[in-house]
Every structure is written in structure tokens, then in C-alpha cells.
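Novice: Sequence and predicted structure are below.
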Amino acid sequence: MTIPAVGLVGSCGCCGGQPHSVPGISPSRRTMLSAGIGGLAAATFGGAILAKPASAQTKLSPDAAMQDLLDGNRRFVEKKLVSFDEDLAILKQNTASHQEPFAAILSCADSRVPVELVFDQSIGHLFVTRVAGNIATSEIIASLEYGAAVLGTKAILVLGHSGCGAVKAAIAGNEVPGQISDLFAMIQPAIEQSGSDLTAAIKSNALFQAKLLSTASPVLAALIKAGDLKILAGYYALDSGEVTILS
């Protein structure tokens, strides 16, 4: 499977070229998070946010990192997993004191999307963030900034999946208990673009969140501009196990 050239740098077209405001996240909080993670990266690398860790995994190009994910997914679909053949005791020992993930995933919290299995990646290979609806909250953005700027991840894949309950609930718009409805505001822009068809809305949401990551985070945008990071959106089919890249 080849990777389509999808440019996600810059402002989202739906906002007239202006940077996105993240629903439910105050600009001051977002700025504080970006400044904090940027300061951490600067302190770690002596002021060079784009510095590369000395790791074979993170020396991959962004395209190669994304291709590794897709190759792993192909093995998963074909039931030819290889990443768990190594002795777990050795894997734990080798990663106990440090981590050098080559890619990050923003996935839904759905229990049917086991990210490491889906991409046939073992301990220490993926930096995974999960939240219902795979939405780019301020905490998620901060985590992915850390993964890219400090740990050196070369690719971020926002992974939607078939039958997503969070998107389905956002489309329905019914009253829900507790703080569940807080998710809906982050998904609503995608629904407005796609309409009420569930599959279309799920794919639209993954694309919207991927675009949001690159526009709401100066840290990620700088890495993309420098050619050190790629952000794409994908769709995971629960029945087949296949991940397809969205554009």
C-alpha cells in the first residue's frame, strides 16, 4: 500500500484560512500547553525542538514510518504477526529505562481497536493516545507534541473506526449522562461537513482531527514544515481489520 501525499500543514479551509479554535478548549489553556511542552523540548535538546534522538527507529523518514504502520497492518490482516515473537522479558528489559517510538496514534478508546495488534508493533514502537471519538483535545495535543518533539515520533495517524459509538451518539444528539456530551462539541464540525451518514461522519471526523492537530499546535506545525513529521487520518474496519488512509 502506498501513502498518498496529503498536505496537512496550515490553516483548515473551513475557517477561511484562520487557525482553528478547539471546541471546549480555551485559547489561554491551549497556549499554556503548547508553551509548556515547547519549553520541555527546548530544555531537553538545548533549545533545538527539531533535534533528532539517536535511535534507529526514530531515524526513519515520516513516509517510511507511515509505511511501517501500513506494512504492520497488512501482516495483521493476513494473520502473519511478527512483532511478538521476541521474548517479552527481553522486550521489557530493553525498554524499561527509555522509549523511542517511531510513530504515534490517536485512536478511539473502543476496546475493539487494539492499536499495537492492528499495526503489528511491539513494546516501545508506538506512542498511543486514546479517547472516545479520537478527538484532539488539549491533553491529546500536548501528549502528541511530547511524542513528536521530545521522543522523536515521525508520523501521527488519527485512526477512526467503523461503527464508532461516539460519532453515532454525536449524530443522534440525544441527552446523555455525566460528561459524555462534552465529546460531541469536538465531533460536531465533522458531522456538519459530512451529514448524518455514520461512515462518512467517522471518516470526516478523523480527517478533521488530523487537520486540527497541525493547525492548533505550533510545535507539530513546525515539525511538519521541517519535513520531520507527517500527520494523516485513517479508517479501521472492524470486520476485516484493514486500515485505509483517508484523503
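Specialist: Nice, I can see it.

Novice: Closest to the mean position in the protein, which residue would that be?
Specialist: Nearest residue to the geometric centre of the chain (Cα atoms, centre = their mean): Leu106, 3.1 Å.

Novice: wait, doesn't that one sit right on Ile141?
Specialist: No. With contact defined as Cβ atoms under 8 Å, Leu106 does not count as touching Ile141 (9.4 Å). (Glycine included, C-beta is placed from N, CA and C.)

Novice: Grab the CA positions of stretch 122-137 and hand them over as CSV.
Specialist: These are the backbone C-alpha positions of stretch 122-137, laid out as CSV (Å, rounded to 0.1, in the frame of the first residue of the first chain):
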residue,chain,number,x,y,z
SER,A,122,5.7,-4.5,19.9
ILE,A,123,6.6,-2.7,23.2
GLY,A,124,8.3,0.7,22.7
HIS,A,125,7.4,1.1,19.0
LEU,A,126,4.2,3.2,19.2
PHE,A,127,3.2,6.3,21.3
VAL,A,128,-0.5,5.8,21.7
THR,A,129,-3.2,8.3,22.8
ARG,A,130,-6.8,7.1,23.1
VAL,A,131,-10.0,8.9,23.7
ALA,A,132,-13.6,8.2,22.7
GLY,A,133,-14.1,9.6,19.2
ASN,A,134,-10.4,10.0,18.6
ILE,A,135,-10.7,13.8,19.2
ALA,A,136,-7.8,16.2,19.5
THR,A,137,-8.4,17.7,23.0
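
Novice: Quick check: buried residues in it?
Specialist: Neighbour-count burial for stretch 122-137 flags 122-129, 131-137 (criterion: 16 or more other Cβ atoms under 10 Å).

Novice: Let me know the closest of the residues you listed to Asn94.
Specialist: Nearest to Asn94, judged by Cβ to Cβ, of the buried residues of stretch 122-137 is Gly124 at 7.2 Å.
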